[in-house]
Every structure is written in C-alpha cells, then in structure tokens.
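# Coordinates only, no sequence provided:
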C-alpha cells in the first residue's frame, strides 16, 4: 500500500444511475478496510469548487446499497470548465487533505478528471456509471442492467394496451449516442422493430416491415426507438409519417424518459458496483492513476481514462442479427 495516500475523495457526476450508491458504499468501506479516510464530495465538481465536502465512515453508507440515485447528488458545473474553477477545486481538495479522487460518472466526468489531473497531477480513478452503457473499456456500466429491466417491464405493460386496442406503439428509450438499451430491451420485450443510432434502418424498410406484420396477422406492434436514432425523424414525426402512409395503423407514442434512471438497482448492478469500488480504491493505493475500472470477461480490469473517453463502445452485431430473425 502506498503511504502517500491517506485520504480519498469520492464524487458522483453527470446523469445519475442505479448502482451509484452501491459504488459510493464500496469506496467508503474499502477505504475503512485499508485504514484510509474517505471524504464525500457533494454535487460533483461544483461541490468540489464550493467546498461541499464531508467525511464518510462505514456507518455513513448503511442502507444505501438498495437505493437508486446518488446520496452525494449530481450537478452540472460550468465553473469547472474554467481554469479558475478548477484551481478553486484543487485548493479545496488540499484544504481537506484529500490525496486522490474517485469519480463515478460517464465520459464527460472522466474528461473533467483528465483535465484536472493534467493541470495539477492529482491522482484520479474512474468508475463508469451511466445507464447508456456507452463507455469504452467495460462490458457493462453501472445502471445499465437495472435500466434494461425497467424498460422491458414498461414495454410488457404497454403491449397489454397495444393488444387490447390493436395499436402500433412507438416506445422511445434513452440512448442518444448508443443503442444498447433499445436493442437489448427490444429483443427482451419482443419488439417488431428496433431503431438505434448505429444502424440507419430507413423509413421505407420500416414501412415494409410494418406492412409484413399486418399481412402476417399481427394485430398490434411495438417499435422500440432509441432517442438518438438516425432515421431522421423524432418519435412523434415517425408516428405522423406512419399514419400518413399506413392509415390502417392506429399509432401511439410512449416516451419512457427519466423513469429509466430511477428505481432500486438490480442485484447485478449492486455486485458490479461493489467490485468496481474495491478495485478503484485499491488501485489508487497501489499508486495507479488516470484509469477507469471496468468489467471485461467477468474480470475487473483497468483501462486508461483517456482511452475510455476517446474509445467507442460497439453494438453487438450478433444481437442485431438475432433482432432481425425475431422480427420475422
């Protein structure tokens, strides 16, 4: 263990995700296990700038492993984008005798951490927390599994109404730049079509698919749409387009929105968060910095933060093929 690190700070940044509290708990208790103090930084980088920092011991994180959101809160920080803001943040870390920082968040949060490290040489370790699962260097991000289950449950309920009224439903899910939620939830919920940013399905193919569904005897259909789909129309414009060209369809839209980020984390996310938190703290104590901890082939591995930020997670081509077959 490196004797130079005696106090570690932890913060959550960016969009909240189920499992963040479990990760906070893991970081705090791993620090306690190794006789290192832990400081919770509230409201992300903005709290770091304003000195909103409190000591956290093992009992401070009791009964949070099952809670969604983040007890440390999250906030956008325009101030942290300025050199003056980052200087104030560094001053507050030194004032509180914090020697290293664990950042739980996505690529924007990691980018901020990289800039901070480049300017002040401050040890940084990242834990990927985002429901979009769009971080390079990890098979799964915190919150993704929970969000998937939330979406599938919602689509199952929507299908009941679709079947009762012989309707076509467009269900929009989160994923501005990545279609992991749409693709996996679409297959899991039995969607007829899945529209994602990585694949341009095209309007004509969508119409042809819906026509085939009608001919084959389907009385209702579910189309899952990622909010970043490249088809060129938002979900409400898609509804209007289909109704104009396929008047036999009665179309409805359901935007699941921020409900996907909430709720009690799944067992998978709780266990993953616990493993990532332990690895993050112990890696810092070993003298490592500027890495993100992630899961690859069921092993917790380190990926350079710069690579995690610049790399791009890839959609599973086999799942795309499965999706095409299942929509037959």
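Right, received. Where do you want to start? Fair warning: this is a prediction, and the values are worked out from it, not measured in the lab. Numbering: from 1, shown residues only.

# Mind picking out the helix or strand in this protein with the poorest mean pLDDT?
The least trusted helix or strand in the chain, going by mean pLDDT, DSSP states H and E, turns out to be helix 203-215, with a mean of 80.

# list the buried ones in stretch 36-55?
By 16 or more other C-beta atoms under 10 Å, the buried positions in stretch 36-55 come out as 36-50, 52-53. The way it works is simple: take the backbone N, C-alpha and C, and place the C-beta from them, glycine included.

# repeat for stretch 79-96
79, 80, 85, 86, 88, 89, 90, 92, 93, 96.

# mind listing what the helix or strand following the least confident helix or strand of the chain pairs with, with the direction of each?
Once helix 203-215 ends, the next helix or strand along the chain (criterion: DSSP states H and E) is strand 221-226. Here strand 221-226 is paired, per DSSP bridges, with strand 168-173 (parallel), strand 193-195 (parallel).

# Give me the contacts around strand 221-226.
Defining contact as C-beta atoms under 8 Å, 6 or more residues apart in numbering, one finds that strand 221-226 is touched by 155, 158-159, 162, 168-176, 178-179, 181-182, 185-186, 189-197, 206, 210, 213, 235, 238, 249.

# swap in stretch 297-307?
110, 113-114, 117, 124, 126, 136-139, 275-276, 279, 283, 288, 290-295, 311.

# mind listing which of these are in helices?
Among the contacts of stretch 297-307, the members falling in helices (DSSP state H) are 110, 113, 114, 117, 275, 276, 279, 283.

# Now for the fifth one: which residues touch it?
Which is residue 275. Residue 275 touches 26, 295, 300, counting by C-beta under 8 Å, 6+ apart.

# okay, which residue is most central for this structure?
Nearest to the mean C-alpha position of the chain, counting by C-alpha atoms, centre = their mean, stands residue 130 at 1.5 Å.

# What are the boundaries of the strands in the stretch 151-300 of the chain?
Counting by DSSP state E, counting those that start in this stretch, the stretch 151-300 of the chain has strands at residues 168-173, 193-195, 221-226, 251-255, 291-296, 299-304.

# Residue 322 in helix, strand or coil?
helix (DSSP: H, G, I helix; E, B strand; the rest coil).

# And for it, nearest residue in space, chain neighbours not counted?
Nearest non-adjacent residue to residue 322, counting by C-beta to C-beta, 6 or more residues apart in numbering: residue 187, 6.1 Å away.

# Give me the spatial nearest neighbour of residue 29, chain neighbours excluded.
Of all residues not flanking residue 29 in the chain, residue 58 sits nearest, at 5.3 Å (C-beta to C-beta, 6+ apart).

# what's the answer for residue 143, then?
Closest to residue 143 by C-beta to C-beta, 6+ apart is residue 17, at 2.8 Å.

# how about that neighbour, secondary structure?
Under three-state DSSP, residue 17 comes out as coil.

# tell me, how many neighbours does it end up with?
Residue 17 has 33 neighbouring residues, counting by other C-beta atoms under 10 Å.

# What does the pLDDT read for it?
For residue 17, the model assigns a pLDDT of 97.

# Can you pull the phi and psi angles for it?
Main-chain torsions, residue 17, degrees, to the nearest 10: phi -150, psi 140.

# thought it was touching residue 130?
Yes - using C-beta atoms under 8 Å, residue 17 is in contact with residue 130, at 5.5 Å.

# what is in contact with those two at once?
With C-beta under 8 Å, 6+ apart as the test, residue 17 and residue 130 both reach 141, 142, 143, 144.

# what stretches of the stretch 201-328 of the chain score poorly on pLDDT?
For the stretch 201-328 of the chain, the stretches flagged by pLDDT under 70 are 201, 216-220, 229-233.

# what's the neighbour count on the residue nearest to residue 292 when sequence neighbours are not counted?
Leaving aside its sequence neighbours, residue 292 sits nearest to residue 126 (C-beta to C-beta, 6+ apart; 3.9 Å). Residue 126: 31 surrounding residues under other C-beta under 10 Å.

# gap between residue 126 and residue 34?
To residue 34, residue 126 is 19 Å away according to C-beta to C-beta, to the nearest Å.

# so residue 142 sits right up against residue 104, yeah?
Yes - Residue 142 is within contact range of residue 104, at 7.4 Å (criterion: C-beta under 8 Å).

# Residues that sit against both of the two, list them.
20, 23, 127, 129.

# tell me the contacts of the residue nearest to the third one when sequence neighbours are not counted?
Excluding the flanking residues, the one nearest residue 127 by C-beta to C-beta, 6+ apart is residue 104, at 4.5 Å. Residues touching residue 104, when contacts are defined by C-beta under 8 Å, 6+ apart, comprise 10, 11, 12, 13, 20, 23, 24, 70, 126, 127, 129, 142.
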